[in-house]
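Student: turn this into a model:
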Amino acid sequence: MNLPTKKMMRQNYLRLMKHKGTPESVGRGAAIGLFIAFFIPFSFQMMVAFPLALLFKAAKVPALLFTWITNPVTIPLFYPLQCFVGSYLVGRPISYTSIRETSQNLVEAPSFSRLVGLGAEIILSFFAGGLLFGTISGLIGYVVMVYLVRSHRKRKAQRQERMLRRAEQKVCE
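Tutor: Predicted coordinates:
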């Protein structure tokens with residue numbers, strides 16, 4: 001898997017900033033994508049994010065893009081940490097090393113049968129940690145995305161206004 005290039009990241013950023021939806025709609029899309037990225041196991045994320053974006057009248061592109069925060073490169077870090085934190089939330093602490101070893105096979109060759117093979121304790125910890133991480137990242141993602149879209153649109157409007165004033169000045173000269 002190739003890591004995203006700077007150019008790809010910039011293109012996706014601009015795609016989000018230029019989205020036709022309201023800043024709040026784009027923010028809801030980002031929040032849904034981030035929540036789903038942590039709460040739903042990797043293979044099913046987009047299948048869940050898209051209908052939720054429709055249901056909550058959120059921008060679909062951000063909902064789908066933000067699910068990719070958990071990807072084959074980041075999963076080995078996020079998912080064991082999420083299970084570790086989740087194990088404390090459900091009152092059954094599991095060592096980080098144990099979680100990492102248990103989930104290694106799943107990360108190397110993801111499948112539903114391997115996910116089920118992890119055992120109820122780790123699966124419960126995954127969802128508990130996912131609920132916490134997803135909620136926190138979704139809330140932060142919403143606020144940040146609304147701010148970024150509003151700021152981008154304000155700068156764009158100011159730039160257009162300056163260009164219009166310059167054009168008017170040239171006509172008057």
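Student: please count neighbours and contacts with C-alpha atoms only from this point.
Tutor: Noted.
Student: look up phi and psi at residue 59.
Tutor: Dihedral pair for residue 59: phi -70, psi 130, per degrees, to the nearest 10.
Student: for residue 147, see how far away it is.
Tutor: 15 Å (CA to CA, to the nearest Å).
Student: more crowded one of those two?
Tutor: Higher neighbour count among residue 59 and residue 147: residue 59, with 25 against 15, using other CA atoms under 10 Å.
Student: neighbours of the nearest residue to residue 131 once chain neighbours are set aside, how many?
Tutor: Of all residues not flanking residue 131 in the chain, residue 39 sits nearest, at 5.7 Å (CA to CA, 6 or more residues apart in numbering). Neighbourhood size, residue 39 [other CA under 10 Å]: 22.
Student: try the one 3 residues further on
Tutor: With neighbours defined by other CA under 10 Å, the count for residue 42 comes to 20.
Student: kindly report the same for residue 139.
Tutor: Using other CA under 10 Å, the number of residues around residue 139 comes to 19.
Student: report pLDDT for it.
Tutor: At residue 139, the model reports a pLDDT of 98.
Student: check which helices and strands the helix or strand hosting residue 154 sits against.
Tutor: In this assignment (DSSP states H and E), residue 154 forms part of helix 120-172. Applying 3 or more CA pairs under 8 Å, 6 or more residues apart in numbering; DSSP states H and E, one finds that helix 120-172 makes contact with helix 6-17, helix 23-39, helix 75-89.
Student: which helices and strands does the longest one pack with?
Tutor: Helices and strands touching helix 23-39, by 3+ CA pairs under 8 Å, 6+ apart, are helix 45-55, helix 60-66, helix 120-172.
Student: tell me the gap between the helix or strand bottoming out on mean pLDDT in the chain and the middle of its chain.
Tutor: Every helix and strand in the chain was compared by mean pLDDT, DSSP states H and E; the lowest is helix 112-117, with a mean of 74. Chain-centre distance of helix 112-117: 24 Å, with CA atoms, centre = their mean, to the nearest Å.
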